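**Student:** Quick one, structure for this:
(chains A and B)
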Amino acid sequence: MNLNLDFGFFNWALVQSFILKGLIFSFQLTIVAMIGGIALGTILALMRLSGKQWLVMPAAAYVNTLRSIPLVMVILWFFLLIPAAFYQALPGGIGTKYRSEIAALITFTVFEAAYYSEIMRAGIQSVSKGQVYAGYAVGMTYAQCMKLIVLPQAFRNMLPVLLTQTIILFQDTSLVYAIGAYDLLKGFEVAGKNFNRPVETYLVAAVLYFIICFSLSMLVRQLQKKIAIIR
Amino acid sequence: MGDWSFFLRDTGGGETYLHWMMTAWGWTLAVAALALIVALLVGSIMGILRTTPSKALVAMGNAWTEIFRNVPLLVQIFLWYHVIPSIFTSLRAVPSFVLVVFAIGFFTSARISEQVRAGIQSLPRGQRYAGLAMGLTLPQTYRYVLLPMAYRIIIPPLTSESMNIIKNTSVAFAVSIAELTMFAMQAQEETSRGVEVYLAVTLAYFVSAFAINRIAHFVEGRVQVPGMIGGK
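**Tutor:** As a prediction, the model looks like this:
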C-alpha cells in the first residue's frame, strides 16, 4: 500500500483556472438538456398517446432507438453527422471554438428527450381518464384538456422521477470525454496532467461528483415526501 | 448505400476490419457478462444486507449503494484504472480488462442492490415471520422463503439492468479496452468511413441488447410464479 498522496497543490488558483470552467459547462449542459429534453420528451409522449398511427410510429421509433444505443455512440454519431457548415453558421465564431461543446448540447438534448418522454408518458397515463372526459364534458378541446388538466398533474406526479433522471444526466455529462469537450471531469484531468498529480485529482473529482449527486438525491427525496398526494 | 468494402480490407495488422470488429464485439460481450456476474453477486449481498434486522448491516448496504450510485461510471473507471493501482501497488500487474469488469460490476451492483431490496420488501412481512416462527434461522428464511420469491419478482428490472450493462461497456473505451466503441473510434479514423463503421457498431449493440431481452423473456416464462399478475 502506497498512500503517498499530496493534496497541497490544490488551491483556489487551480480551481479557478481549470475546474470552474468545466463545472460551469457541466451544469450548463445538464440544464439545457433537462429543459430541452423535457420539452421535446413531452411532445414525444403526447405523440405516442395520441392514438394516431402516423404520430405514434415515429415517436416510438425515436424513443426505442435512442434508448437501445449507448450514449457514447450517440455522442460520436452526432459529432460525425453535424455538418461543418452548421458550426460555421453560428455567430461570433463560437462554432469553431466550442465545436465539441455545442455538439454535446445538441446530443444530450436529443438523447435525454427519449428518457424524459418515457417518464412523461407514465405521468400522463397516471392521470385518470375520468378527468379528461370531464374536461371534454365542460367543452374543452383536446389541447386545453392536456394543458390545463393532464400535464400539470403529470408533471407534479413525475417531478421526483424527472429530477432523478436529471441527476443521472449530470453524471452522464462526463461522457463528453469521448469528443474532448471541456467538462468538470476534463477540468480535473487537465489539472492533474499539469501538476503531474493524476491520482489526487481523480480522487477529488470522484468526491466532488459524489457530493453533488448525493445532496441532489437527498433533496429529491425530501421533495418526494413533501409533494406526495395523499390518496 | 455507402462503401462497405473496407470491412474486408486488411487493417495492417494481418486481419480484416470485419475480423477486428468481431473481436471487439467479443470483448464487449465478455466485459458485460463478467461485470453482470460481479454485479449480481455483490448487488444481491448488499440488497439482502439492507433488509436484515441489523442496523449496522443496513447502514453498510446503504453506504455501498449510495457511493457507487452517485459517482459517474467514467470517473469510477478512472479510479480503478489510475488511482487504485497506484495506492495498492500489488494490483499493478492486474490487466485493465479485469479492472474495468470490477468498475462496471460494482457500479451496476448499486442498482441491483436497490432492486433486490425492493423485491424483498415487496413481500408481505408475514412470510418472514412465518419462516422464523417455523424455526428456520434468518439465513434459512432468506434462502427458502424470501429470495425464491423476490428474485422472480425482480426479473423485469434485472433484464433492463443487463441490457444497460451492454450499453455501459462502451465507457471502457476511455481506458483503451478493445471493445466495440474503441473499434468504432479507431476504425473511423483509419478508414474515414465513419457512417458505415458507426452503423455496423450500432447494429451490433442492438443485436446484443435484443438477444439479452429474448433470453430474459425465456427465463421469465420458465420461473413465473403461478397465480400472480403476469403468471399463468
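**Student:** From here on, just use CA atoms for contacts and neighbour counts.
**Tutor:** OK.
**Student:** what is the mean pLDDT for the lengthiest helix in chain B?
**Tutor:** Identified as the longest helix of chain B according to DSSP state H is helix B:17-49. What helix B:17-49 shows for mean pLDDT is 94.
**Student:** now for that helix, which elements pack on it?
**Tutor:** helix B:55-69, helix B:96-121, helix B:155-168, helix B:180-191, helix B:194-223 (3 or more C-alpha pairs under 8 Å, 6 or more residues apart in numbering or on different chains; DSSP states H and E).
**Student:** give me that answer again for 10 Å
**Tutor:** Counting contacts by 3 or more C-alpha pairs under 10 Å, 6 or more residues apart in numbering or on different chains; DSSP states H and E, helix B:17-49 packs against helix B:55-69, helix B:96-121, helix B:147-153, helix B:155-168, helix B:180-191, helix B:194-223.
**Student:** okay, the angle between that helix and helix B:180-191?
**Tutor:** With axes from the mean of the first three to the mean of the last three C-alpha atoms, to 10 degrees applied, the angle from helix B:17-49 to helix B:180-191 works out at 160 degrees.
**Student:** What angle do helix B:55-69 and helix B:17-49 make with each other?
**Tutor:** Angle of helix B:17-49 versus helix B:55-69, following the same axes, to 10 degrees, is 150 degrees.
**Student:** about what we covered before: possible to save the helices and strands packed on helix B:17-49 as CSV with distance to A:Trp77 and mean pLDDT?
**Tutor:** Converted to CSV, the helices and strands packed on helix B:17-49 look like this (distance: least, C-alpha to C-alpha, whole Å; pLDDT from 0 to 100):
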stretch, distance to A:Trp77, mean pLDDT
helix B:55-69, 27, 95
helix B:96-121, 23, 94
helix B:147-153, 37, 91
helix B:155-168, 15, 90
helix B:180-191, 10, 89
helix B:194-223, 7, 88
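**Student:** looking at the ones you listed, which is closest to chain A?
**Tutor:** Smallest distance to chain A across the helices and strands packed on helix B:17-49 (C-alpha to the nearest C-alpha): 4.6 Å, for helix B:155-168.
**Student:** which parts of the closest one are buried?
**Tutor:** By neighbour count on 16 or more other C-alpha atoms under 10 Å in any protein chain shown, the buried set for helix B:155-168 is B:155, B:158-159, B:161-168.
**Student:** Just put the residues you listed in a markdown table and tack on distance to chain A.
**Tutor:** Converted to a markdown table, those look like this (distance: C-alpha to the nearest C-alpha, whole Å):
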| residue | distance to chain A |
| --- | --- |
| B:Ile155 | 19 |
| B:Leu158 | 16 |
| B:Thr159 | 13 |
| B:Glu161 | 12 |
| B:Ser162 | 12 |
| B:Met163 | 8 |
| B:Asn164 | 8 |
| B:Ile165 | 10 |
| B:Ile166 | 8 |
| B:Lys167 | 5 |
| B:Asn168 | 7 |
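**Student:** rewinding a little: next, the buried residues of the longest helix of chain B.
**Tutor:** By neighbour count on 16+ other C-alpha under 10 Å, the buried set for helix B:17-49 is B:17-25, B:27-36, B:38-49.
**Student:** What angle do helix B:96-121 and it make with each other?
**Tutor:** Using the same axes, to 10 degrees, one finds that helix B:17-49 and helix B:96-121 are set 40 degrees apart in direction.
**Student:** okay, the angle between helix B:17-49 and helix B:155-168?
**Tutor:** Using the same axes, to 10 degrees: helix B:17-49 against helix B:155-168 is 140 degrees.
**Student:** Which one of the helices and strands packed on helix B:17-49 lies nearest to A:Glu189?
**Tutor:** helix B:96-121 (18.7 Å; C-alpha to C-alpha).
**Student:** Check which element follows the closest one along the chain.
**Tutor:** Using DSSP states H and E, the helix or strand that follows helix B:96-121 towards the C-terminus is helix B:125-133.
**Student:** Check which helices and strands the helix or strand bottoming out on mean pLDDT in chain A sits against.
**Tutor:** Ranked by mean pLDDT, DSSP states H and E, the weakest helix or strand in chain A is helix A:12-14, scoring a mean of 77. Contacts defined by 3+ C-alpha pairs under 10 Å, 6+ apart place helix A:12-14 against helix A:184-194.
**Student:** Could you rerun that using 7 Å?
**Tutor:** Under the contact criterion of 3 or more C-alpha pairs under 7 Å, 6 or more residues apart in numbering or on different chains; DSSP states H and E, helix A:12-14 touches no helix or strand at all.
**Student:** is it possible to export the helices and strands packed on helix B:17-49 to a markdown table including distance to A:Tyr182?
**Tutor:** Listed next are the helices and strands packed on helix B:17-49 as a markdown table, based on distance: least, C-alpha to C-alpha, whole Å:
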| stretch | distance to A:Tyr182 |
| --- | --- |
| helix B:55-69 | 23 |
| helix B:96-121 | 24 |
| helix B:147-153 | 42 |
| helix B:155-168 | 21 |
| helix B:180-191 | 19 |
| helix B:194-223 | 23 |
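**Student:** Mean neighbour count, those: which tops it?
**Tutor:** helix B:96-121 (a mean of 23; mean count of other C-alpha atoms under 10 Å in any protein chain shown).
**Student:** How about it and chain A, touching?
**Tutor:** No: Helix B:96-121 lies out of reach of chain A by C-alpha under 7 Å from any C-alpha of the partner chain, never closer than 12.3 Å.
**Student:** Please apply the same query to stretch B:73-88.
**Tutor:** Yes: for stretch B:73-88 and chain A, the contact criterion (C-alpha under 7 Å from any C-alpha) is met by B:74-75, B:79, B:82-83, B:86-88.
**Student:** Which two of those residues have the greatest separation?
**Tutor:** Among the residues of stretch B:73-88 next to chain A, the pair separated by the greatest distance (C-alpha to C-alpha) is B:Leu74 and B:Phe88, at 20.3 Å.
**Student:** So these two - more neighbours on which side?
**Tutor:** When neighbours are counted by other C-alpha atoms under 10 Å in any protein chain shown, B:Leu74 comes out ahead of the other of B:Leu74 and B:Phe88, with 25 against 12.
**Student:** show me what contacts that one?
**Tutor:** A:174-175, B:171 (C-alpha atoms under 7 Å, 6 or more residues apart in numbering or on different chains).
**Student:** got it, and A:Pro83?
**Tutor:** Applying C-alpha under 7 Å, 6+ apart, no residues contact A:Pro83.
**Student:** just for chain A, where's the confidence low?
**Tutor:** Within chain A, the segments meeting pLDDT under 70 span A:1-3, A:229-231.
**Student:** 50 - rerun?
**Tutor:** Across chain A, nothing is flagged by pLDDT under 50.
**Student:** Which parts of it are helices?
**Tutor:** Counting by DSSP H, one finds helices in chain A at the ranges A:12-14, A:20-48, A:53-67, A:71-81, A:84-89, A:94-97, A:99-125, A:129-137, A:142-144, A:151-172, A:184-194, A:198-227.
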